[in-house]
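Student: with the input below, show me the fold.
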Amino acid sequence: MSSEEGLLGCTEDSGKAIFRSPLMQRSGFDPQTGVYHSVHQLHNKIPTSPDLDIATFVLSHFPTAGEALKRVALIDAATNQKVTYAQLKLSVHKLATGLYHGLGVKKGDVVFLLSPNCLLYPTICLAVLSIGAVLTTANPVNTVSEIGKQVKDSGAKLAIADPGEVHKLLPTGVPTLLTSRAKDGVVLSVEELIDCCDPLDLPAVRPVQSDTAVILYSSGTTGASKGVELTHSNLIAIVTLLGWSAEASSSLNDVFLCFIPMFHVYGLAFFTLGLLACGTTNVVMQKFDFQAMLEAIETYKVNNIPAVPPVILALVKNDIAGHDLSSLQRVGSGAAPLSKEVTDGFREKFPGVEVRQGYGLTESCGAAAFFPSDEVAKVHPGSCGQLLPTFTARIVHFETGTPLPPFSRGELWLKGPGIMKGYLRNEEATAATIVSDGWLRTGDLGYFDEEGCLHIVDRVKELIKHNGYQVAPAELEAVLLSHPYILDAAVVPLEDEAAGEIPIAYAVKAADSDLTENEVIDFVATQVCLSHHQLSFLKSSN
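Tutor: Numbering: from 1, shown residues only. A predicted model of the protein is given here:
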């Protein structure tokens, strides 16, 4: 449906747009306010008790008694080591005791965690949060200077690091605890604290919902990396909503595969908090490896993979012969838009597997939209889902600030219980991102369709301005990725005197392909309206 149809019945009244098109009735769009509401309802209310903290909330949902002793929470894909819910809960309490009574970590202290995915990651996160300390996580591939900057900016009082990464913390001078025992036994480790401590009472001054729980570093919606402050309330809301989505999509009894980095909001919300509150079994990979992923699915009969578009593209493009993936029932996609072309390719190759997108930002605690039903996802390919219950949205015109109806593109604004407290000690950036009445400006270009399904087209700041038109790089990338011999692609702007900007594409071709630049140009020309002058700037790369 065209944007003209979407605007049917649009009138102007005192400068405010009023929309009366019949197609909006199922979209959740309110023409009087310009606000989109979720078409779903949350049956279990988000807890509002001010004294509740996220660790207590998650642990309270663990299986109890005999069920906790036998139900497996975590499995190491490399070693087959298993952790039951009873063992996990006990380890959290023992580590919290060691941190508080043994090391003097108290409410408000920032603990810096530098580690790849591991079985201890959820234990560390829950233990830190349970004593009211603030958790900040970092990417293990970050450089020494990047680590130093985050330690300083967050004000970390203690670091917990994988033995292979601890050298990056030495220049900071921050006291450091290892995740696992070192060979020389000189530096204390989390494993040793768990082994030597018996659970004791935690501090009388407890964390409350309004307290900052985590500081996650993100490039944000406006430039350089900043510390995103998420509260216990934010995390409780998202865990509640994740439980709703798992129930709505019949995923509560699934075996999940985790290669999403746990330091990222996606991995943190899913695998250190949300899925554990759902009682699922989670197979943990230290990092993503395509062949290891196939082996893990086969070995552990994985049903569900929270993934990212490159992984789904790899499943479409690569040979999986010799691997039994028959257990796989659901694949989710987040962190970046998944194109219709890749979605269609996945459904064709794996006809019995559901594939559904979700949408969120670090600033929205990793969530905002999701498809609870594969039936709806199938008829809205390219969409990243419908608003989660309790979230509202606006699509706002870039220049006028006017709220826009379905099928009209603009900047996505969000409001909901997951919206961050703000950027750490950065009032200017916070004010530029959270505006009038608590709306979060996402910086994403998108639109809603007639059933309230959100389509993210690109980043607003990444739009290419060509001859007065706005070209979305993601749309050209999707076209390129639909070519059978192109494995990955990126489109960027190049300044041009005549056109303003021209898109340049970099494509990674299959190793056994003799694909040429001219063939790529001809392929794109058959699918989009680009002049020969534009296309001549397309480049390919091995």
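Student: what's the neighbour count on residue 39?
Tutor: 15 (other CB atoms under 10 Å). To be clear about C-beta, it is placed using only N, CA and C from the backbone, and glycine gets the same treatment.
Student: checking it next. Helix, strand or coil?
Tutor: Three-state call for residue 39 (DSSP: H, G, I helix; E, B strand; the rest coil): coil.
Student: now it: how far from residue 391?
Tutor: From residue 39 across to residue 391, the span is 11 Å (CB to CB, to the nearest Å).
Student: got the contact list for residue 147?
Tutor: Counting by CB atoms under 8 Å, 6 or more residues apart in numbering, residue 147 touches 114, 138, 168-169, 172.
Student: farthest pair within these?
Tutor: Greatest spacing in the contacts of residue 147, by CB to CB: 138 and 172 (11.5 Å).
Student: so which residues of the stretch 251-400 of the chain form strands?
Tutor: 255-258, 281-284, 304-307, 330-333, 354-359, 369-370, 386-387, 392-396 (DSSP state E, counting those that start in this stretch).
Student: could the ones you listed be laid out in TSV, adding mean neighbour count, distance to residue 516 and mean pLDDT?
Tutor: Below are these laid out as TSV (neighbours: other CB atoms under 10 Å; distance: least, CB to CB, whole Å; pLDDT from 0 to 100):
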stretch	mean neighbour count	distance to residue 516	mean pLDDT
strand 255-258	24	38	98
strand 281-284	24	42	98
strand 304-307	25	32	96
strand 330-333	23	31	95
strand 354-359	25	32	94
strand 369-370	26	40	95
strand 386-387	26	42	96
strand 392-396	22	40	97
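Student: these into a markdown table, with extra columns for distance to residue 245?
Tutor: Below are these laid out as a markdown table (distance: least, CB to CB, whole Å):
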| stretch | distance to residue 245 |
| --- | --- |
| strand 255-258 | 13 |
| strand 281-284 | 16 |
| strand 304-307 | 11 |
| strand 330-333 | 9 |
| strand 354-359 | 8 |
| strand 369-370 | 5 |
| strand 386-387 | 11 |
| strand 392-396 | 17 |
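Student: nearest to residue 71, out of those strands?
Tutor: Nearest of the strands of the stretch 251-400 of the chain (CB to CB): strand 281-284, 7.4 Å.
Student: show me what that closest one is in contact with.
Tutor: Against strand 281-284 from outside (CB under 8 Å, 6+ apart): 71-77, 117-119, 121, 255-258, 271, 275-276, 296, 300, 302.
Student: just the buried ones out of those, please.
Tutor: 72-77, 117-119, 121, 255-258, 271, 275-276, 296, 300, 302 (16 or more other CB atoms under 10 Å).
Student: from those residues, which ones fall inside helices?
Tutor: 121, 275-276, 296, 300 (DSSP state H).
Student: kindly indicate which of those residues lies nearest residue 315.
Tutor: Nearest to residue 315, judged by CB to CB, of these is residue 296 at 13.4 Å.
Student: how about the closest residue to that closest one other than its chain neighbours, phi and psi?
Tutor: Using CB to CB, 6 or more residues apart in numbering and skipping the chain neighbours, the partner closest in space to residue 296 is residue 77 (4.5 Å). Dihedral angles of residue 77 (phi, psi; degrees, to the nearest 10) stand at phi -60, psi -30.
Student: I figured residue 77 hits residue 297, correct?
Tutor: No - using CB atoms under 8 Å, residue 77 is not in contact with residue 297, being 9.8 Å away.
Student: okay, and the common contacts of those two?
Tutor: Joint contacts of residue 77 and residue 297 (CB under 8 Å, 6+ apart) are residue 257.
Student: if I look at residue 403, how far off is residue 37?
Tutor: Taking CB to CB, one finds residue 403 at 13 Å from residue 37.
Student: possible to save the ones in helices among the buried ones among the contacts of strand 281-284 as a markdown table with distance to residue 265 and pLDDT?
Tutor: Shown next, in a markdown table, are those (distance: CB to CB, whole Å; pLDDT from 0 to 100):
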| residue | distance to residue 265 | pLDDT |
| --- | --- | --- |
| 121 | 14 | 98 |
| 275 | 14 | 97 |
| 276 | 16 | 97 |
| 296 | 23 | 98 |
| 300 | 25 | 98 |
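Student: between these, which is nearest residue 150?
Tutor: Lowest distance from residue 150 to those (CB to CB) belongs to residue 121, with 17.6 Å.
Student: which residue is the nearest non-sequential neighbour of that closest one?
Tutor: Using CB to CB, 6+ apart and skipping the chain neighbours, the partner closest in space to residue 121 is residue 262 (4.7 Å).
Student: check that neighbour and give its pLDDT.
Tutor: Predicted confidence (pLDDT) at residue 262: the value is 97.
Student: tell me how far it lies from residue 522.
Tutor: Computed with CB to CB, the distance linking residue 262 and residue 522 is 44 Å.
Student: likewise residue 236?
Tutor: Taking CB to CB, one finds residue 236 at 53 Å from residue 522.
Student: quick one, which of the two is more surrounded?
Tutor: residue 236 (27 against 11).
Student: in strands, which of the contacts of residue 147 fall?
Tutor: 114, 138 (DSSP state E).
Student: so can I have a markdown table of the contacts of residue 147 showing pLDDT, distance to residue 346 and neighbour count?
Tutor: Shown next, in a markdown table, are the contacts of residue 147 (pLDDT from 0 to 100; distance: CB to CB, whole Å; neighbours: other CB atoms under 10 Å):
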| residue | pLDDT | distance to residue 346 | neighbour count |
| --- | --- | --- | --- |
| 114 | 98 | 34 | 25 |
| 138 | 96 | 32 | 24 |
| 168 | 96 | 37 | 23 |
| 169 | 97 | 40 | 22 |
| 172 | 96 | 43 | 18 |
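Student: I figured the residue nearest to residue 121 hits residue 117, correct?
Tutor: Yes - in this structure residue 262 lies within contact range of residue 117 using CB under 8 Å: 5.1 Å.
Student: name the residues contacting each of those two.
Tutor: Common contact partners of residue 262 and residue 117 (CB under 8 Å, 6+ apart): residue 271.
Student: show me what contacts the most centrally placed residue in the chain?
Tutor: Of all residues in the chain, the one closest to the mean position by CA atoms, centre = their mean is residue 266, 3.4 Å from it. For residue 266, the contacting residues are 260, 306, 334-335, 360, 366, by CB under 8 Å, 6+ apart.
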